[in-house]
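Student: Structure of the sequence below:
(one chain, ligands or ions: 1)
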Amino acid sequence: MSRDHILTLSCPDRTGIVHGVSGLLFEHGCNIIDAQQFGDPESGRFFLRVHFDVPASTPVDTVREAFAPLAAAHAMDWAMHDARRRARLLVLVSRQGHCLNDLLFRTHSRQLRADIAAVASNHADYARLAGSYGVPFHHFPVDAGTREAQEQRILDLVERERIDLVVLARYMQILSPRLCEALAGRAINIHHSFLPSFKGAQPYHQAHARGVKIIGATAHYVTPDLDEGPIIDQDVAHVDHAMTPAALIRIGSDVESRVLARAVRLHVEHRILLNGHRTVVFR
Ligand SMILES: Nc1nc2c(c(=O)[nH]1)N[C@@H](CN(C=O)c1ccc(C(=O)N[C@@H](CCC(=O)O)C(=O)O)cc1)CN2
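Tutor: Numbers count the residues shown, from 1 in each chain. Okay, here's the model as predicted:
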């Protein structure tokens with residue numbers, strides 16, 4: 001029975017970090033399967049992701065407890081995850097369902113190490129689609145006067161369903177600072193432009209008006225500053241002068257689905273570390 005785990009950490013950069021981590025894992029009979037590191041000269045921080053096996057004779061908590069003093073000595077932000085545990089997702093959607101559809105299939109076909117525990121939307125459009133996969137659907141309508149109560153329903157669902165990651169799959173509501181705070185580091189949005197270009201609403205219409213030759217999509221963590229959160233992944237597609245906004249939307253939707261699925265995979269495989277307002281991504 002494989003007992004592989006993922007250790008992620010970031011800390012002020014100095015000599016001896018990798019030596020200390022690898023030595024401690026060795027002392028507890030752990031075998032390192034894969035390791036990736038990055039020292040950022042700009043922020044002065046060091047980032048490490050280690051995929052390792054724990055021998056059946058060793059309780060994982062023993063390794064975790066032994067690691068704590070080393071982590072404290074280096075002022076590490078760290079976590080140790082069960083590499084086989086499937087993340088529980090809540091997917092939020094509004095009227096555009098292509099990203100939801102893509103994630104339902106990818107999780108159902110186990111392409112992603114995650115399960116969609118629930119779908120929630122301010123519209124009822126995708127109740128049948130979620131139901132066709134056996135995924136509970138929650139209709140949470142919202143307007144200016146009900147936003148706080150509607151967001152509380154989302155938070156209650158996150159708590160009740162033990163959600164690990166909230167995915168905004170073209171969810172077209174701006175989350176309040178309170179909800180952003182509650183979901184800090186565990187809410188990902190797909191923005192339908194190559195940020196920082198064309199933030200906010202209707203980016204494809206903005207791009208068409210600008211006469212761009214490339215469109216794109218950006219997956220980022222959600223923060224109170226609209227479309228300003230740490231970028232996780234991006235991709236692009238070529239377009240030309242003859243294309244209408246509808247054509248850009250059609251071409252762009254495939255890019256959005258691809259980028260969002262990659263970002264969800266990177267998150268649930270613990271490959272993303274925050275580096276200030278940016279990310280370090282160990283692919
Ligand atoms: N706090 C945050 N909330 C959201 C973010 C974010 O980065 N921080 N990303 C957006 C997604 N988004 C573009 O990708 C976006 C969504 C909604 C709007 C907007 O103007 N919404 C209006 C209502 C529109 C409607 O009801 O159809 C609003 O909320 O008043 C702009 C951009 C998701 N949320």
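Student: Buried residues, stretch 42-61. List them.
Tutor: 45, 46, 47, 48, 49, 50, 51, 52, 53, 54 (16 or more other C-beta atoms under 10 Å). In this view, the C-beta of every residue, glycine as well, is placed from N, C-alpha and C.
Student: State the distance from residue 271 to residue 113.
Tutor: Distance of residue 271 to residue 113, computed by C-beta to C-beta, to the nearest Å: 11 Å.
Student: and residue 231, how many neighbours?
Tutor: 19 (other C-beta atoms under 10 Å).
Student: measure the closest residue to it other than its chain neighbours to the ligand for me?
Tutor: The shortest distance from residue 231 to any non-neighbouring residue, by C-beta to C-beta, 6 or more residues apart in numbering, is to residue 220 (4.8 Å). Look at residue 220 and the ligand: by C-beta to the nearest ligand atom, to the nearest Å, they are 7 Å apart.
Student: What's the local residue count around residue 220?
Tutor: 22.
Student: Helix or strand: which one has it?
Tutor: strand 214-221 (DSSP states H and E).
Student: buried set for that strand?
Tutor: 215, 216, 217, 218, 219, 220, 221.
Student: How about stretch 172-186?
Tutor: 173, 175, 179, 180, 182, 183, 186.
Student: so, in contact with the ligand or not, that stretch?
Tutor: Yes - with C-beta under 6 Å from any ligand atom as the measure, stretch 172-186 is seen reaching the ligand through 172, 173, 174, 175, 180.
Student: Next: stretch 224-244.
Tutor: Yes - counting by C-beta under 6 Å from any ligand atom, contacts between stretch 224-244 and the ligand involve 224, 226, 227, 229.
Student: Tell me how far the last one lies from residue 5.
Tutor: As for residue 229, its distance to residue 5 is 28 Å (criterion: C-beta to C-beta).
Student: got it, and the second one?
Tutor: Applying C-beta to C-beta, the value for residue 226 to residue 5 is 36 Å.
Student: The third one now?
Tutor: In this structure, residue 227 and residue 5 are 34 Å apart, going by C-beta to C-beta.
Student: Over to the first one?
Tutor: In this structure, residue 224 and residue 5 are 33 Å apart, going by C-beta to C-beta.
Student: more neighbours, these two?
Tutor: Taking neighbours as other C-beta under 10 Å, residue 224 and residue 5 compare with residue 5 leading, 23 against 15.
Student: Surely that one is in contact with residue 82?
Tutor: Yes - judged on C-beta atoms under 8 Å, residue 5 makes contact with residue 82 at a distance of 6.0 Å.
Student: Pull up the overlap in contacts between those two.
Tutor: residue 60 (C-beta atoms under 8 Å, 6 or more residues apart in numbering).
Student: Look at the closest residue to residue 216 other than its chain neighbours and report its pLDDT.
Tutor: Excluding the flanking residues, the one nearest residue 216 by C-beta to C-beta, 6+ apart is residue 194, at 2.9 Å. At residue 194, the pLDDT value in this model is 98.
Student: Sweet, I'm off.
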